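**Student:** What follows is a predicted protein model with its sequence.
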Amino acid sequence: MSSRRSISIYWLIYFTGLGIFFPYYALYLRENAGLTGTEVGLVLASLRSVALVVQPLWGNLADRTGARTAVLALLTLATALSQIGLFAADGFLPLFLGTAVMAVFASAVLPIAFSVAFAAFGRDDPHAFGLARVWGTVGFLIGVAALPYLLDFYQARAGLVATAAVSEPGLEMMFVGFGVLSLVAAAWCYRLPRTEAMEVRSERGDWRELLHDKAVRRLMVVSFLAYLFLQGPIEMFPLFVTSRGGNLETVGHMWILMLLLEIPLVALSGAGVERLGARALLGIGTAAGGLRWLVCVLTESDFVLYAVQLLHGVLVAGLLLGGPLYLEKVVPQRLRSTAQSGLAMLGVGAGGLLSSIVTGWLIDVAGIDLPFLLGGIGGIALAASLRWTLPRV
């Protein structure tokens, strides 16, 4: 089996589980678990706070041992097992701790998966990464679209009825779905390629080399600010939708729209880097994320609210892929896992952590619209500054 096909299948399986879990977790915490907005923000922030500590450790372990595929298998398996704790958790503290335990492993899956893919494809084929990674988006779309129908079936069989407080009883079944699919993805890791580039090892202390690279330092700052402005609203998006009169199916339909444009854009991300450059791709994605939240707050039209979700695809192709692709061009191969984990640590980790806390707090004290408004303005302003703040590669 080719490297691209085996890596594509891993992303398809794992992201299907992620699509069942991620878009609906905030709604589960708020309605099914009965947490306040601040408590929801704190639980989601535990994902980021733990990532700050563990992501560089996992990245360094993968680089020092050269066993990047084995580390990915371990992380995916542990993510699957962590769903048992979340399924059983009841109340703020158990959910906070259960989410933190999951984050020890799940937060490092994507940066290690990126490093495995970059090592398998090399730097001479800019298209292979996007053509493989797009199957993750397809899987996410399958998961998002399937959960409402699976939940309807489960509710009918179990006799569960919606109430004023809980619009979707039985939503905890998403933990089962994510857990099973993560278990399958972990088993599939042993079909992933093992090339010489994947087993390149770094020496003790080599990671300090990254601190002296101007392009790496500035990319880390840009990533932190981008996630600060954009991540909290993404996590709280189900609450925004329900505040406008929507429900679980509305959230699912909007996520489908988000992913429709993402599929071709992710597939063509290699061509985008070739034609525009990684910096431009990063700027376009950040600007699209900011514009999306700004329009969400300002519009009163349901049609516009649906249509603007297409910008999510531009955000993913630009920010979530542009950053790692930029980094891959400037770091030594022996440090690619450490570098990708560091980027995730400061972006999704530190920036996302602060964004989750601030967004949850703002929802409680000022209403649902303000964090989306501030995120939109910040994202657009950051994108406009990249030409002067981030070196071109």
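**Tutor:** Ah, there it is. Numbering: from 1, shown residues only.

**Student:** CA atoms for contacts and neighbours, from now on please.
**Tutor:** Will do.

**Student:** so how far is stretch 50-65 off the chain centroid?
**Tutor:** On the basis of Cα atoms, centre = their mean, to the nearest Å, stretch 50-65 sits 17 Å off its chain's mean C-alpha point.

**Student:** The chain should start at 877 in everything you say after this.
**Tutor:** Got it, first residue is 877 now, which makes that one stretch 926-941.

**Student:** Just the C-alphas of that stretch, formatted as PDB.
**Tutor:** The C-alpha coordinates for stretch 926-941 follow below in PDB (Å, rounded to 0.1, in the frame of the first residue of the first chain):
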ATOM      1  CA  VAL A 926      -2.500  20.400  29.400                       C
ATOM      2  CA  ALA A 927      -1.300  20.700  25.800                       C
ATOM      3  CA  LEU A 928       1.100  23.400  26.900                       C
ATOM      4  CA  VAL A 929       3.000  20.900  29.000                       C
ATOM      5  CA  VAL A 930       2.700  17.600  27.100                       C
ATOM      6  CA  GLN A 931       2.900  18.500  23.400                       C
ATOM      7  CA  PRO A 932       6.600  19.500  23.400                       C
ATOM      8  CA  LEU A 933       7.300  16.400  25.500                       C
ATOM      9  CA  TRP A 934       5.700  14.000  23.000                       C
ATOM     10  CA  GLY A 935       7.300  15.800  20.100                       C
ATOM     11  CA  ASN A 936      10.700  15.600  21.700                       C
ATOM     12  CA  LEU A 937      10.200  11.900  22.500                       C
ATOM     13  CA  ALA A 938       9.300  11.200  18.800                       C
ATOM     14  CA  ASP A 939      12.400  13.100  17.600                       C
ATOM     15  CA  ARG A 940      14.800  11.600  20.100                       C
ATOM     16  CA  THR A 941      13.700   8.000  19.500                       C
END
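
**Student:** what sits up against it?
**Tutor:** Residues from elsewhere that reach stretch 926-941, judged by Cα atoms under 8 Å, 6 or more residues apart in numbering: 944, 947, 976, 979-980, 983-984, 987-988, 1075-1080, 1083, 1210-1218, 1220-1222, 1225-1226.

**Student:** at 6 Å what do you get?
**Tutor:** 944, 983, 984, 1077, 1078, 1213, 1214, 1217, 1218, 1221, 1225 (Cα atoms under 6 Å, 6 or more residues apart in numbering).

**Student:** Would you mark the buried spots in that stretch?
**Tutor:** Residues of stretch 926-941 classed as buried by neighbour count (16 or more other Cα atoms under 10 Å): 926-928, 930-940.

**Student:** which among those gets closest to residue 885?
**Tutor:** For the buried residues of stretch 926-941, the closest approach to residue 885 (Cα to Cα) belongs to residue 938, at 21.5 Å.

**Student:** Phi first, then psi, for residue 1068.
**Tutor:** Main-chain torsions, residue 1068, degrees, to the nearest 10: phi -70, psi 150.

**Student:** so which strand or helix has the residue lying closest to it once chain neighbours are set aside?
**Tutor:** Leaving aside its sequence neighbours, residue 1068 sits nearest to residue 882 (Cα to Cα, 6 or more residues apart in numbering; 5.6 Å). Element membership of residue 882 [criterion: DSSP states H and E] is helix 879-903.

**Student:** ok now that helix, how far from the chain's centre?
**Tutor:** For helix 879-903, the distance to the chain centre is 10 Å (Cα atoms, centre = their mean).

**Student:** swap in stretch 1056-1066?
**Tutor:** Using Cα atoms, centre = their mean, the offset of stretch 1056-1066 from its chain centre is 19 Å.

**Student:** Alpha carbons of that stretch, in CSV - could you do that?
**Tutor:** Output of stretch 1056-1066 as CSV, limited to C-alpha atoms (Å, rounded to 0.1, in the frame of the first residue of the first chain):
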residue,chain,number,x,y,z
VAL,A,1056,-14.3,3.2,18.9
LEU,A,1057,-13.0,5.0,15.9
SER,A,1058,-9.9,6.1,17.7
LEU,A,1059,-9.3,2.5,18.7
VAL,A,1060,-9.5,1.5,15.0
ALA,A,1061,-7.2,4.3,14.0
ALA,A,1062,-4.7,3.2,16.6
ALA,A,1063,-4.7,-0.3,15.1
TRP,A,1064,-4.3,1.1,11.6
CYS,A,1065,-1.1,2.9,12.7
TYR,A,1066,0.8,-0.4,12.2
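
**Student:** I appreciate the help and will end here.
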